[in-house]
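Chemist: Here is a sequence with its predicted model. Questions after.
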Amino acid sequence: MASVGQIVQPTPTREVLSRAQARAALIPDCMVEAQRLANTVIAGWHGRRKRGIGENFWQFRPYVDGESLSRIDWRRSARDDHTYVRDREWEAAHTVWIWADLSPSMMYKSTFGAVSKESRALVLMLALAEILARSGERIGCPGIMEPIAARNAAERLATALMHNGTTGGLPDTSMIRGNSDIVLIGDFLDPVEDVMDRLGPLARRGLRGHVVEVADPAEETFPFSGRTEFTDPESGLKLTAGRAETLKDDYARAYIARRENLADSLRHLGWSFVTHRTDRLASEALVSVHMYLSGMPAMKTEGRGR
């Protein structure tokens, strides 16, 4: 069959930054679908009470499907037939570490995707840095940039990425202390056991994690038929299928099982999980992640949260 996808060249970071800043400027319009987030995305967070990470109790509220079970206050829930979550008040400023996987598998783009996975991951990374920086948070990138609190944090992160080159695999996190948030953006196609071996220790150190799985539509739908050659972008190994369509059902089951296994494993850590396809608006994933960072459960969209 005709070629469905290809490995693209790495996206110039300067170009991604401009797109990320434009995306951040449009975030308030995206909030129409997520009214609960409304005015908490850009400026004006500080000085307002909001859910988040802190020591001070704020309120009890009903549990929403998809939230981590570790947040349930069982003593309060035992008083009646409802399940409640204990909300704490967001502290003035804290550190958010943001990382994007730029390994070879992220360079993939099919004819069904708007951009490569690598391009979308960079836009999400820099747009999130832009939004959080406007709120006064400290932004860092493991192994790339120490946390800084500055309005131009996204620009400085982009510059650091240019100077440090691309990174592959999960980052070195030895420099990260507890009581921080970490946002990991990638395709997470490695075996779930290998991924969790790296993430489990972070949760035990007290980090609050948010994982964004970026996928190309072809990776979900498997639109291949006829004689098809598949190439592993990491190892270069090739597999030729005489009738690719006969593999679709088994592939779909394995792909879904991997994703559900990852989602369940992360939930047991108390971490959030968002899936996002490159044929969808980047704002969907951005809204979901930001809602989790704000201590609010994300609304379910195609780039849904778990």
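Modeler: Received, thanks. These numbers were taken from a predicted model, which means no experiment stands behind them. Numbering: from 1, shown residues only.
Chemist: What is the helix or strand containing residue 125 packed up against?
Modeler: Here residue 125 is covered by helix 117-134, with elements defined by DSSP states H and E. Counting contacts by 3 or more CB pairs under 8 Å, 6 or more residues apart in numbering; DSSP states H and E, helix 117-134 is packed against helix 13-25, strand 95-100, strand 108-110, strand 138-141, helix 153-164, strand 181-186, strand 208-215, helix 282-293. In this view, the C-beta of every residue, glycine as well, is placed from N, C-alpha and C.
Chemist: go with 7 Å
Modeler: Contacts defined by 3 or more CB pairs under 7 Å, 6 or more residues apart in numbering; DSSP states H and E place helix 117-134 against helix 13-25, strand 95-100, strand 138-141, helix 153-164, strand 181-186, strand 208-215, helix 282-293.
Chemist: Quick check: buried residues in the helix or strand just after the shortest one?
Modeler: I take that to be strand 138-141. Counting by DSSP H and E, the element after strand 138-141 in chain order, helix or strand, is strand 145-148. Buried residues in strand 145-148, counting neighbours by 16 or more other CB atoms under 10 Å, are found at 145, 147, 148.
Chemist: which one among these gets closest to residue 277?
Modeler: residue 145 (28.2 Å; CB to CB).
Chemist: quick one: that closest one and residue 161 touch, right?
Modeler: No - counting by CB atoms under 7 Å, residue 145 sits too far from residue 161 to count as a contact (8.3 Å).
Chemist: pLDDT below threshold where in the chain?
Modeler: Residue ranges of the chain with pLDDT under 70: 1-59, 66-68, 87-93, 165-168, 296-306.
Chemist: Which residue ranges make up each domain of it?
Modeler: The record's domain parsing of the chain by automatic domain parsing lists 5-46+91-293, 55-88.
Chemist: quick one, which of the ones you listed is packed in tightest?
Modeler: Highest mean neighbour count of these: domain 5-46+91-293, a mean of 18 (counted as mean count of other CB atoms under 10 Å).
Chemist: SS state for residue 275?
Modeler: Following DSSP: H, G, I helix; E, B strand; the rest coil, the label given to residue 275 is strand.
Chemist: let's number from 47 now, not from 1
Modeler: Fine by me, first position is 47 from now on; the one you just mentioned is residue 321.
Chemist: ok, so of the buried residues of strand 191-194, who is nearest residue 228?
Modeler: Lowest distance from residue 228 to those (CB to CB) belongs to residue 193, with 11.3 Å.
Chemist: what bridges to residue 232?
Modeler: Beta-bridge pairing for residue 232 (DSSP bridges): residue 259.
Chemist: okay but it is in contact with residue 148, surely?
Modeler: No - with contact defined as CB under 7 Å, residue 232 does not count as touching residue 148 (8.6 Å).
Chemist: so what does the lengthiest helix in the chain touch, helix or strand wise?
Modeler: Taking DSSP state H as the criterion, the chain has its longest helix at helix 294-314. Applying 3+ CB pairs under 7 Å, 6+ apart, one finds that helix 294-314 contacts helix 238-250, strand 318-323.
Chemist: Apply 6 Å and report the result again.
Modeler: The elements that helix 294-314 packs onto, with contact taken as 3 or more CB pairs under 6 Å, 6 or more residues apart in numbering; DSSP states H and E, are helix 238-250.
Chemist: elements contacting the helix it packs on?
Modeler: Looks like helix 238-250 contacts helix 294-314 (3+ CB pairs under 6 Å, 6+ apart).
Chemist: export the helix it packs on as PDB, just CAs?
Modeler: Only the C-alpha atoms of helix 294-314 are listed here, as PDB (Å, rounded to 0.1, in the frame of the first residue of the first chain):
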ATOM      1  CA  LYS A 294      -5.200  -5.200  12.900                       C
ATOM      2  CA  ASP A 295      -7.300  -6.900  15.600                       C
ATOM      3  CA  ASP A 296      -4.400  -8.400  17.500                       C
ATOM      4  CA  TYR A 297      -2.600  -5.100  17.300                       C
ATOM      5  CA  ALA A 298      -5.600  -3.100  18.600                       C
ATOM      6  CA  ARG A 299      -6.000  -5.500  21.600                       C
ATOM      7  CA  ALA A 300      -2.300  -5.200  22.400                       C
ATOM      8  CA  TYR A 301      -2.300  -1.400  22.000                       C
ATOM      9  CA  ILE A 302      -5.400  -0.900  24.200                       C
ATOM     10  CA  ALA A 303      -4.100  -3.300  26.800                       C
ATOM     11  CA  ARG A 304      -0.800  -1.500  27.100                       C
ATOM     12  CA  ARG A 305      -2.500   1.900  27.500                       C
ATOM     13  CA  GLU A 306      -5.000   0.600  30.100                       C
ATOM     14  CA  ASN A 307      -2.200  -1.100  32.000                       C
ATOM     15  CA  LEU A 308      -0.200   2.200  32.000                       C
ATOM     16  CA  ALA A 309      -3.200   4.200  33.100                       C
ATOM     17  CA  ASP A 310      -4.100   1.900  36.000                       C
ATOM     18  CA  SER A 311      -0.500   1.700  37.200                       C
ATOM     19  CA  LEU A 312      -0.200   5.500  37.200                       C
ATOM     20  CA  ARG A 313      -3.500   5.800  39.000                       C
ATOM     21  CA  HIS A 314      -2.300   3.600  41.700                       C
END
